[in-house]
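*Asks:* Got a sequence here, can you build the structure:
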Amino acid sequence: MTDAHLPEGFHPHTRHSGLTAPWEPIYARHDAPGLTLAIRAGGAHTNSRGFVHGGLISALADNAMGLSCIDGERPPAGLVTVSLSVDFVGTARTGQWLEVRASAIKSGRSLSFAQALVVSDGQVCARASGVFKALAPPA
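*Replies:* Numbers count the residues shown, from 1 in each chain. Next comes the predicted model:
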């Protein structure tokens, strides 16, 4: 998918990891309450029945929610997931545009809370919530 064919506001996601490398390209859009990550579902994203794998949805939701909790004014050294819950309420299939729309609910000194709605071609397929712990900056 070329940048010219992306939905408005999306650009290539700039954070990469060994876990997400096989799923590239991943796209991002910064929204007022948080961050949306998105993919065009392909073979690397699906199980043997052609459904986007729940593990991929969970990992993208975890990533998007954690990034949504980072406060630009006083960012922590990093965040680790304390709790992650995902409810699968529908399906996503090969070829569909999958968006993980995350937002921070509350951020304290050490814990942050977030939620995400996962939408495939406009239909909700999952919802997620997470709790994240801020890591202390290196001494």
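*Asks:* can you tell me the helix or strand for the residue sitting nearest the centre point of the chain?
*Replies:* For the chain, A64 is the residue whose C-alpha lies nearest the centre (C-alpha atoms, centre = their mean; 3.0 Å). Using DSSP states H and E, A64 sits in helix 54-68.
*Asks:* packing partners for that helix?
*Replies:* With contacts taken as 3 or more C-beta pairs under 8 Å, 6 or more residues apart in numbering; DSSP states H and E, helix 54-68 sits against strand 34-40, strand 79-88, strand 97-107, strand 111-120, strand 123-134. In short, each C-beta sits where N, CA and C put it, glycine included.
*Asks:* could these go into TSV alongside mean pLDDT, mean neighbour count and distance to R49?
*Replies:* As requested, these are exported to TSV (pLDDT from 0 to 100; neighbours: other C-beta atoms under 10 Å; distance: least, C-beta to C-beta, whole Å):
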stretch	mean pLDDT	mean neighbour count	distance to R49
strand 34-40	95	22	18
strand 79-88	96	14	14
strand 97-107	95	20	16
strand 111-120	96	22	15
strand 123-134	96	19	14
